[in-house]
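**Student:** sequence plus the predicted model coming up.
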Amino acid sequence: MIIEERDYLVRPGAAAKYAQLWDEYGREPQVRILGNLLGFYVTEVGELNTLVYLWGYKGLDDRVKRRAELAADPDFAAFRAQVRDLLVRQSNRILTPALPS
């Protein structure tokens, strides 16, 4: 299993609005297509105004397939259009197990 950490820095004061829009419009297509949502968080210490998603995948091939399907989904495209102006920066990391299972 791998974990993808996706961080979204939003404009100051926009985290609650982004989270609300995600709950109303983005959650369903993402969970339907990506499947394994491990968590959706907001930072309290460090770089503020940051939302963090953790997604679990079987491996890199699974991630590539699911992310491509999500990118082609019209419901997700509509959500992205709604939050685009709230975003300042996005970053993501792939986390792999530190020790064999």
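**Tutor:** Arrived safely. Numbers count the residues shown, from 1 in each chain.
**Student:** mind listing what's buried along the lengthiest helix in the chain?
**Tutor:** The longest helix of the chain (DSSP state H) is helix 60-71. Using 16 or more other CB atoms under 10 Å as the test for burial, helix 60-71 gives D62, R63, R66, R67, L70. For the C-beta atoms, the positions are set from N, CA and C on the backbone; glycine is no exception.
**Student:** for stretch 84-91, same thing?
**Tutor:** For stretch 84-91, by 16+ other CB under 10 Å, it's L86.
**Student:** what does stretch 44-59 give?
**Tutor:** Buried residues in stretch 44-59, defined by neighbour count with 16+ other CB under 10 Å: N49, T50, L51, Y53, W55, G56, Y57.
**Student:** chain center to the longest helix of the chain: distance?
**Tutor:** Taking the mean of its C-alpha atoms, helix 60-71 sits 13 Å from the chain's own mean (CA atoms, centre = their mean, to the nearest Å).
**Student:** helices or strands up against it?
**Tutor:** Helix 60-71 sits against strand 2-10, helix 27-34, strand 50-57, with contacts defined as 3 or more CB pairs under 8 Å, 6 or more residues apart in numbering; DSSP states H and E.
**Student:** and the next element down the chain from the longest one?
**Tutor:** Read that as strand 2-10. Scanning forward in sequence from strand 2-10 by DSSP states H and E, the next helix or strand is helix 15-21.
**Student:** can I get that next one in PDB, CA atoms only?
**Tutor:** Output of helix 15-21 as PDB, limited to C-alpha atoms (Å, rounded to 0.1, in the frame of the first residue of the first chain):
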ATOM      1  CA  ALA A  15     -10.400  26.900   4.500                       C
ATOM      2  CA  ALA A  16     -13.900  26.600   5.800                       C
ATOM      3  CA  LYS A  17     -15.400  27.600   2.400                       C
ATOM      4  CA  TYR A  18     -13.200  25.100   0.600                       C
ATOM      5  CA  ALA A  19     -14.200  22.300   3.100                       C
ATOM      6  CA  GLN A  20     -17.900  23.100   2.700                       C
ATOM      7  CA  LEU A  21     -17.700  23.000  -1.100                       C
END
